[in-house]
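Q: using only what follows, build the 3D model:
(chains A and B)
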Amino acid sequence: MSGAHAVSALGAVRGVGAAAMVAQVVVVIGGAPLLTGLMRQVRARMEGRAGAGIAQPWRDVRKLMRKEPITPVRTGPAFRAAPLLLVVTAGVIAALVPLVSTATPVSGSADLILVVAVLALGTVSLALAGLDTGTAFGGMGASREMTVIALVEPTILLSVFALSIPAGSTNLPAIVAGAEHHPGRLASPAGALAAVALAVVVLAETGRLPVDNPATHLELTMVHEAMVLEYSGPDLALVELGSQMRLTVLLGLLASLFAPWGIATGASVGAACLGLLLLAVKVAVLGVLLAAAEVFWAKLRLFRVPELLAGSFLLALLAVTASYFLTGEGSR
Amino acid sequence: MNTGIYGQLLDLAAGIFLLAAVLTLWRRDLAAIVRIFAAQGMALAAIALLLGLHEHRWDLVAVAAGIAVLRVGVLPHLMRRALAAGAAAGGETRETQPLVNVAASLLTAAALTLLAYAAARPLVRLAPSPATRALPVGIAVVLIGFFTLVTRRRALSQVVGFLLLDNGITATAFLATSGVPLIVELGVSFDLLLAVLVLQILTTRMRVAFGGTDIDDLRELHD
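A: Now for the predicted structure:
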């Protein structure tokens, strides 16, 4: 009797965890264009324009999906596979990262290094596609993107390492669950430094101002747009959806790491629903803040981008040293 | 005071202290550098105040008040006056070309911080307490101040480098030995004030003589 209870309880735990994971992916796919639409709308209103409405990115996707797929002559598999890889990697990260619940079936394998590697896989596939077209812009965009990514990846790793030292694990759900139970960890200097460093690299990784301007096709400044210039139709729709999903997932990761309140740690349906609702609110607030800040920012000169990223690397390094030495971990 | 809260506040003050030193390397605008220096003075005064409150030593609290007046009020005011005089005379208000570029100097600051932590480990192991664990921060600021002094070319950012060096030495003294005697601290403070005044006069003289404060123009001595 009790054995049957235990089995059904275990089944319920797995069921809720799996449902939370599926909900994370569905919400990220469905919400990413809405987040972009919201950010564009906020920006338009602050600049005195009417704006196209929050659902406009979805309408763009629908329009592009109906068009005929065209690939430039002499492009190879790298060009064709890149849009799908971009969306799939973003979807995998959405399933791995603890956005709604830390007790999902894949939480054991949601390691920090794996997440960063999957993120880099999407970026590199898009850079290869840019090189594959053989156009001047594609190669230029790819080379710039590789410069930025080489500076961004170590900073992401270091700033999350600063948080993983008090948790004692590089497993992201363990870090988030630990921070939820001990909020004091986030109020330390290490937490504040890591938050600033991670925020800067999220801006660089998703191609937002001041590193890249997502709304321009000016040849001197574009990075992301230069790589995807040759895409059209359904492929372009996938590329846009993929980069919107990356922005959503990274903002969600930022919210989960530094404002983990409300993320479900157990197997209760109510907690998972609350986590889902809070996730939407947190990501929307971050998106609105980012859009509002972008109105006042100018794009940084490309040669000064390494300076910004070196600064953020330094902040991440100071966060690691602070959490290692100041808390006395090093002298133990 | 509660030991846990004391440790956290001391860590926070030490963190801001180190961050301010790093930010002076990051920013080019001299006015912003002076503001950051004032913030660092505030963090230093907070360190002294926390140590004084924790050990119930009222002379340390008085020293903290003195530090706040000198390093948050008087010295930034003097530097701002020198800067305003320079801007009125059409001089540079930005550190345009440091000898080492900003990205490289930030990475150097990271290396210097790690060096300070590595060098201070035996010292920390002698008597582990929240104050001695923050000791490497003071040493790191000394090294970063020295680096600023060596690589910057405007006279004013050199003054800031010198003051960072002194802030670092004072912080190390507080964290290692809970503060020097009041009379020594008083002497050091007056020394510092005098040095900044002399440097300010020197800056003004340089501007009159060369029209700028780029120290590369100082190639030979004149009477």
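
Q: wait, what's in contact with whichever residue of chain B sits closest to chain A?
A: Going by Cβ to the nearest Cβ, chain A is nearest to B:G15 of chain B, at 2.8 Å. Bear in mind the C-beta positions are built from the backbone N, C-alpha and C, glycine included. Each residue near B:G15 by Cβ atoms under 8 Å, 6 or more residues apart in numbering or on different chains is listed here: A:P189, A:A190, A:A192, A:L193, A:L318, A:A322, A:L326, B:V137.

Q: name the SS class of the residue lying closest to the first one once chain neighbours are set aside, please.
A: I take that to be A:P189. Using Cβ to Cβ, 6 or more residues apart in numbering or on different chains and skipping residues adjacent in sequence, the residue nearest A:P189 is B:G15, 2.8 Å away. Following DSSP: H, G, I helix; E, B strand; the rest coil, B:G15 is assigned to helix.

Q: what's the answer for A:N213, then?
A: coil.

Q: tell me how many other residues crowd it.
A: The tally of other residues near A:N213 (other Cβ atoms under 10 Å in any protein chain shown) stands at 20.

Q: mind listing what's buried in the helix or strand containing B:A209?
A: Taking DSSP states H and E as the definition, B:A209 sits inside helix B:182-210. The neighbour-count check on helix B:182-210 (16 or more other Cβ atoms under 10 Å in any protein chain shown) flags B:E185, B:V188, B:S189, B:L192, B:V196, B:L199, B:Q200, B:T203, B:T204, B:M206, B:R207 as buried.

Q: tell me how far the last one lies from B:I201.
A: In this case it means B:R207. Distance, B:R207 to B:I201, by Cβ to Cβ, to the nearest Å: 11 Å.

Q: and the helices in the chain?
A: By default, I'm working from chain A. Listed in chain order, the helices of chain A (DSSP state H) span A:2-46, A:56-66, A:77-96, A:112-132, A:136-167, A:172-181, A:189-205, A:224-227, A:233-258, A:269-296, A:305-321.

Q: was after chain B, sorry
A: B:3-26, B:30-55, B:58-67, B:75-88, B:102-126, B:130-133, B:135-151, B:155-177, B:182-210.

Q: got those as TSV, with mean pLDDT columns?
A: Output for the helices of chain B, formatted as TSV (pLDDT from 0 to 100):
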stretch	mean pLDDT
helix B:3-26	84
helix B:30-55	89
helix B:58-67	84
helix B:75-88	81
helix B:102-126	86
helix B:130-133	80
helix B:135-151	90
helix B:155-177	86
helix B:182-210	79
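
Q: need the ones you listed in a markdown table (columns: distance to A:G178).
A: Formatted as a markdown table, the helices of chain B follow (distance: least, Cβ to Cβ, whole Å):
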| stretch | distance to A:G178 |
| --- | --- |
| helix B:3-26 | 17 |
| helix B:30-55 | 27 |
| helix B:58-67 | 35 |
| helix B:75-88 | 41 |
| helix B:102-126 | 24 |
| helix B:130-133 | 22 |
| helix B:135-151 | 25 |
| helix B:155-177 | 29 |
| helix B:182-210 | 42 |
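
Q: out of those, the one nearest A:G233 is which?
A: helix B:102-126 (40.5 Å; Cβ to Cβ).

Q: next, the angle helix A:305-321 makes with that closest one.
A: Calculated by axes from the mean of the first three to the mean of the last three Cα atoms, to 10 degrees, helix B:102-126 forms an angle of 10 degrees with helix A:305-321.

Q: just the CA atoms of stretch B:37-53, as PDB, please.
A: C-alpha atoms of stretch B:37-53 as PDB (Å, rounded to 0.1, in the frame of the first residue of the first chain):
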ATOM      1  CA  PHE B  37      38.200  58.900  -5.800                       C
ATOM      2  CA  ALA B  38      35.700  60.700  -3.400                       C
ATOM      3  CA  ALA B  39      33.600  57.500  -3.300                       C
ATOM      4  CA  GLN B  40      36.800  55.500  -2.500                       C
ATOM      5  CA  GLY B  41      37.500  57.900   0.400                       C
ATOM      6  CA  MET B  42      34.000  57.300   1.700                       C
ATOM      7  CA  ALA B  43      34.600  53.500   1.600                       C
ATOM      8  CA  LEU B  44      38.000  54.000   3.500                       C
ATOM      9  CA  ALA B  45      36.200  56.100   6.100                       C
ATOM     10  CA  ALA B  46      33.600  53.300   6.400                       C
ATOM     11  CA  ILE B  47      36.300  50.700   7.000                       C
ATOM     12  CA  ALA B  48      37.800  52.800   9.800                       C
ATOM     13  CA  LEU B  49      34.400  53.500  11.300                       C
ATOM     14  CA  LEU B  50      33.500  49.800  11.200                       C
ATOM     15  CA  LEU B  51      36.800  48.800  12.900                       C
ATOM     16  CA  GLY B  52      36.300  51.500  15.500                       C
ATOM     17  CA  LEU B  53      32.800  50.500  16.300                       C
END
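
Q: touching chain A at all, that stretch?
A: No - under the criterion of Cβ under 8 Å from any Cβ of the partner chain, stretch B:37-53 makes no contact with chain A; the nearest approach is 10.9 Å.

Q: touching that stretch from outside, list them.
A: Residues contacting stretch B:37-53 (Cβ under 8 Å, 6+ apart): B:1, B:6, B:9-10, B:13-14, B:16-17, B:20-21, B:24, B:57-61, B:63-65, B:67-68, B:70-72, B:75-76, B:79, B:131, B:134, B:160, B:163-164, B:167, B:170-171, B:174-175, B:178-179.

Q: roughly how far is it from the heart of the chain?
A: 12 Å (Cα atoms, centre = their mean, to the nearest Å).

Q: and the furthest pair within the buried residues of helix B:182-210?
A: B:E185 and B:R207 (33.1 Å).

Q: quick revisit: of the contacts of B:G15 - the most surrounded one?
A: B:V137 (34 neighbours).

Q: surely it and B:A171 touch.
A: Yes - using Cβ atoms under 8 Å, B:V137 is in contact with B:A171, at 6.9 Å.

Q: can you pull the contacts of the most centrally placed residue in chain B?
A: Against the mean C-alpha coordinate of chain B, by Cα atoms, centre = their mean, the closest residue is B:L164 at 2.1 Å. B:L164 is in contact with B:A21, B:T24, B:F37, B:Q40, B:V141, B:I144, B:G145, B:T148, B:L149, counting by Cβ under 8 Å, 6+ apart.

Q: quick check: closest non-adjacent residue to the fourth one.
A: Which is B:Q40. Nearest to B:Q40 is B:A20, by Cβ to Cβ, 6+ apart, at 3.6 Å.

Q: who's in contact with that neighbour?
A: So B:A20 contacts B:I36, B:F37, B:A39, B:Q40, B:A43 (Cβ under 8 Å, 6+ apart).

Q: burial count for the fourth one?
A: Meaning B:Q40. 27.

Q: same thing with the second one?
A: The number of residues packed around B:F37, counting by other Cβ under 10 Å, is 24.

Q: before we move on, back to that, measure the residue of chain B closest to chain A to B:L163 for me?
A: On the measure of Cβ to Cβ, B:G15 and B:L163 end up 20 Å apart.

Q: over to A:G252?
A: 43 Å.

Q: go on, A:L128?
A: From A:L128 to B:L163 the distance is 50 Å (Cβ to Cβ).

Q: repeat for B:A14
A: Taken as Cβ to Cβ, the span from B:A14 to B:L163 is 18 Å.

Q: go on, B:D11?
A: 23 Å.

Q: same check, this time on A:L158
A: 30 Å.

Q: show me the shaky parts of chain A.
A: A:1-13, A:325-332 (pLDDT under 70).

Q: for it, which residue gets nearest to chain B?
A: For chain A, Cβ to the nearest Cβ, closest residue to chain B: A:P189, 2.8 Å.
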